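[1] what follows is a predicted structure for the sequence shown.
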Amino acid sequence: MTTTLQAIYENGQLTLSKPLPLPEKTRVRVTIDTKVAKDPARASWLKVSEETLLQTWDNPDDEVFNALLKK
């Protein structure tokens with residue numbers, strides 16, 4: 001699942017704009033993007049591109065190739 005939220009960094013901690021629907025202790029990957037998008041169309045395309053890349057990159061079918069690399 002990919003979710004994009006706004007957060008504020010203050011006193012060494014990120015405070016999310018709203019709670020996440022995740023169980024406690026769930027491990028997540030955080031990407032920090034400090035640029036504010038000035039072009040809404042570009043921001044939309046970047047989000048779609050990121051989602052598509054993550055679907056391709058985190059593909060469980062690729063585990064067969066990882067197993068071959070370990071041999």
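    The structure has been received and is ready for your questions. Residues are numbered from 1 along each chain as shown.
[2] only C-alpha atoms for contact and neighbour calcs from this point on.
    Fine.
[3] would you say Thr56 is within a helix?
    Yes: remark: Thr56 belongs to a helix, assigned using DSSP: H, G, I helix; E, B strand; the rest coil.
[4] now Ala43: phi and psi?
    Per-residue torsions, Ala43: phi -60, psi -40 (degrees, to the nearest 10).
[5] let me fix that: Thr34
    The phi/psi pair for Thr34 (degrees, to the nearest 10) is phi -90, psi 0.
[6] do Pro40 as well
    Per degrees, to the nearest 10, the backbone of Pro40 is at phi -60, psi -40.
[7] so who does it touch?
    Counting by C-alpha atoms under 8 Å, 6 or more residues apart in numbering, Pro40 touches no other residue.
[8] tell me the pLDDT at it?
    Note on Pro40: pLDDT of 79.
[9] now do it against Leu46, distance only.
    10 Å (C-alpha to C-alpha, to the nearest Å).
[10] now the strands for this protein?
    With strands called from DSSP state E, the chain shows them at 7-10, 13-16.
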